[in-house]
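> Fold the following and give me the result.
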Amino acid sequence: MFKSLIEEFIGYFGGSSEGIRVFKAPGRVNLIGEHTDYIGGFVFPAALTMCTTVLARPRNDRKINLIATDLKQMVNADLDNLDMYRNLKWGNYQLGVADELQKAGYPLCGCDLLYEDKVPLGSGLSSSAAIEIATALALVSLGYAANGINRKINMTELALISQKAEHNYVGVKCGIMDQFASAMGKKDMAIFLDCRDLTYELVPLKLNDYRLVIGFTNKKRSLGEGKYNERRKECEEGLAMLQKAMPGIEYLRDVSVQDFLKYENLLVDDVIRKRVKHVVYENERVLESVKALKNNDLRTFGELMNQSHDSLRDLYEVTGKELDTLVNAARKADGVLGSRMTGAGFGGSTVSLVHKDSIDDFIKQVGSEYEKEIGYSADFYVSEIGDGGREEEI
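Numbering: from 1, shown residues only. Okay, here's the model as predicted:
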């Protein structure tokens with residue numbers, strides 16, 4: 001299965017196939033619960049079958065060398081001087097993970113790493129988390145082997161370390177959802193995750209005659225542009241305002257819909273009030289969505305997807321023309337129960353619940369309307385739900 005990648009690896013790094021190991025971690029689609037993870041809220045993601053694959057082989061020194069199949073530019077780094085590489089355009093996510101692993105006490109060894117990314121970059125499907133989890137798994141596995149450690153890898157801990165790398169090394173104050181879904185996903189299961197304490201429940205994703213269709217706007221986004229951190233800051237300001245009347249709350253997640261209606265007058269800034277209203281009601285929508293899917297009520301789930309997107313458009317203001325065009329076109333198509341943006345927004349992707357018999361017409365109709373309105377095409381994927389981070393047999 002990995003023959004061509006192994007040959008490419010040897011072409012870059014020399015030697016033989018001996019010692020090469022293969023690791024995978026998936027992107028994710030978030031069914032509902034957007035911009036709630038960093039306020040300690042509820043999210044409902046699922047791991048995809050689109051993955052980052054890493055071929056890894058240990059070295060006898062402290063060097064770490066990275067290359068990707070589609071970039072062809074080698075990054076050479078020193079495990080003992082990782083602060084030097086924070087500003088890399090490619091490689092900073094991987095080296096940030098290495099940096100945080102070492103700070104957490106993991107013994108790392110030098111290695112050569114070849115990346116093949118099948119999660120579209122900038123798609124809102126969490127290509128960055130897939131890279132981080134695959135990297136963490138590879139580095140820890142090689143480090144354990146080099147040091148004779150026979151210990152089960154704690155995937156939740158790798159998710160938290162990967163999140164910390166994005167905070168401290170890359171500079172994006174992301175929540176935990178993406179890394180957690182990439183690390184802990186299970187085939188044909190969605191993850192109902194409480195981001196406050198990382199308790200979770202695997203919920204069977206029984207869509208019957210419906211399928212999840214992802215529409216990629218082909219407008220790539222970068223969380224590092226600052227909008228993501230700006231929204232997080234606005235939520236923190238809203239929390240501080242509400243704490244004047246509710247001193248016991250630690251996160252916006254602790255604010256119920258009833259609490260919001262009672263105390264919204266404390267949110268004296270109109271923008272902050274809109275941001276808080278979104279996250280409070282979005283948390284409620286996640287709870288209702290889990291209940292609907294457990295009851296096989298796809299129609300209610302579709303309605304909640306629509307409400308989520310409208311809130312992200314009007315209250316949180318993270319959609320934009322491309323995402324709104326895809327969603328509006330999707331809702332007009334036959335066989336669609338719901339459609340919403342997925343991911344952080346500002347470009348990226350939508351997810352729609354589409355009847356299996358309508359998928360071909362859906363892609364044709366929505367794609368045509370999008371290209372006519374935007375001027376370039378969107379890409380579509382019929383989403384399959386897969387497993388989280390793992391080592392593969394060669």
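
> which regions of the stretch 101-250 of the chain sit below the pLDDT cut-off?
Applying pLDDT under 70 to the stretch 101-250 of the chain flags residues 220-225.

> what about the helices in it?
127-146, 155-165, 177-184, 227-242 (DSSP state H, counting those that start in this stretch).

> Can you say which of these is packed in most?
Comparing the helices of the stretch 101-250 of the chain by mean neighbour count (mean count of other CB atoms under 10 Å), helix 177-184 comes out on top with a mean of 30. Every residue, glycine included, has its C-beta placed from N, CA and C.

> between that helix and helix 155-165, how big is the angle?
150 degrees (axes from the mean of the first three to the mean of the last three CA atoms, to 10 degrees).

> and helix 177-184, what other elements does it pack with?
When contacts are defined as 3 or more CB pairs under 8 Å, 6 or more residues apart in numbering; DSSP states H and E, helix 177-184 packs onto strand 21-30, strand 45-58, helix 127-146, helix 155-165, strand 189-194.

> Which among the ones you listed is found nearest to G11?
When the helices and strands packed on helix 177-184 are compared by CB to CB, strand 45-58 sits nearest G11, at 11.7 Å.

> Please state the offset of the closest one from the chain centre?
Its chain's average C-alpha position is 13 Å from that of strand 45-58, according to CA atoms, centre = their mean, to the nearest Å.

> before we move on, the earlier item: distance to F180 added to the helices and strands packed on helix 177-184, as a markdown table?
Shown next, in a markdown table, are the helices and strands packed on helix 177-184 (distance: least, CB to CB, whole Å):
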| stretch | distance to F180 |
| --- | --- |
| strand 21-30 | 9 |
| strand 45-58 | 8 |
| helix 127-146 | 8 |
| helix 155-165 | 5 |
| strand 189-194 | 6 |
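
> Indicate which one of those is closest to M305.
Here strand 21-30 is closest among the helices and strands packed on helix 177-184 (CB to CB), at 10.7 Å.

> what pairs with that closest one, and is each one parallel or antiparallel?
Strand 21-30 has the following strand partners under DSSP bridges: strand 45-58 (antiparallel), strand 390-392 (antiparallel).

> now that strand against helix 127-146, angle please.
Using the same axes, to 10 degrees: strand 21-30 against helix 127-146 is 150 degrees.

> what angle do strand 21-30 and strand 189-194 make?
In terms of direction (the same axes, to 10 degrees), strand 21-30 departs from strand 189-194 by 70 degrees.

> and Y85, what does it touch?
Residues in contact with Y85, defined by CB atoms under 8 Å, 6 or more residues apart in numbering, are 75, 77, 91-92, 95.

> I should have written F44 there, sorry.
Contacts for F44 (CB under 8 Å, 6+ apart) come out as 30-33, 190-193, 203, 286, 289-290.

> isn't F216 right up against V119?
No. Using CB atoms under 8 Å, F216 is not in contact with V119, being 10.5 Å away.

> Mutual contacts of these two, please.
With CB under 8 Å, 6+ apart as the test, F216 and V119 both reach L125.

> quick revisit: may I ask which of the contacts of Y85 has the most neighbours?
L95 (25 neighbours; other CB atoms under 10 Å).

> got a list of what that one touches?
Applying CB under 8 Å, 6+ apart, one finds that L95 lies in contact with 64, 66, 75, 77, 82, 85, 88, 169.

> Going by secondary structure, the residue nearest to E234 when sequence neighbours are not counted is in what exactly?
Closest residue to E234 apart from its sequence neighbours, by CB to CB, 6 or more residues apart in numbering: R275 at 4.6 Å. Secondary-structure element containing R275, defined by DSSP states H and E: helix 270-294.

> any idea of the mean pLDDT for that helix?
What helix 270-294 shows for mean pLDDT is 98.

> Enumerate the positions of it that are buried.
Neighbour-count burial for helix 270-294 flags 272-280, 282-286, 288-290, 292-293 (criterion: 16 or more other CB atoms under 10 Å).

> before we move on, what about stretch 113-129?
Quick answer for stretch 113-129 (16+ other CB under 10 Å): 113-117, 119-120, 122-129.

> same question, stretch 95-106
Buried, per 16+ other CB under 10 Å, within stretch 95-106: 95-102, 106.

> Convert the C-alpha atoms of it to PDB, please.
Provided in PDB are the C-alpha atoms of stretch 95-106 (Å, rounded to 0.1, in the frame of the first residue of the first chain):
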ATOM      1  CA  LEU A  95       8.400  21.500  15.000                       C
ATOM      2  CA  GLY A  96       6.100  23.100  17.500                       C
ATOM      3  CA  VAL A  97       4.800  19.700  18.400                       C
ATOM      4  CA  ALA A  98       8.300  18.400  18.800                       C
ATOM      5  CA  ASP A  99       9.100  21.400  21.100                       C
ATOM      6  CA  GLU A 100       6.000  20.900  23.300                       C
ATOM      7  CA  LEU A 101       6.700  17.100  23.500                       C
ATOM      8  CA  GLN A 102      10.200  17.700  24.800                       C
ATOM      9  CA  LYS A 103       8.900  20.300  27.300                       C
ATOM     10  CA  ALA A 104       6.400  17.700  28.500                       C
ATOM     11  CA  GLY A 105       9.300  15.200  29.100                       C
ATOM     12  CA  TYR A 106       8.900  12.900  26.100                       C
END
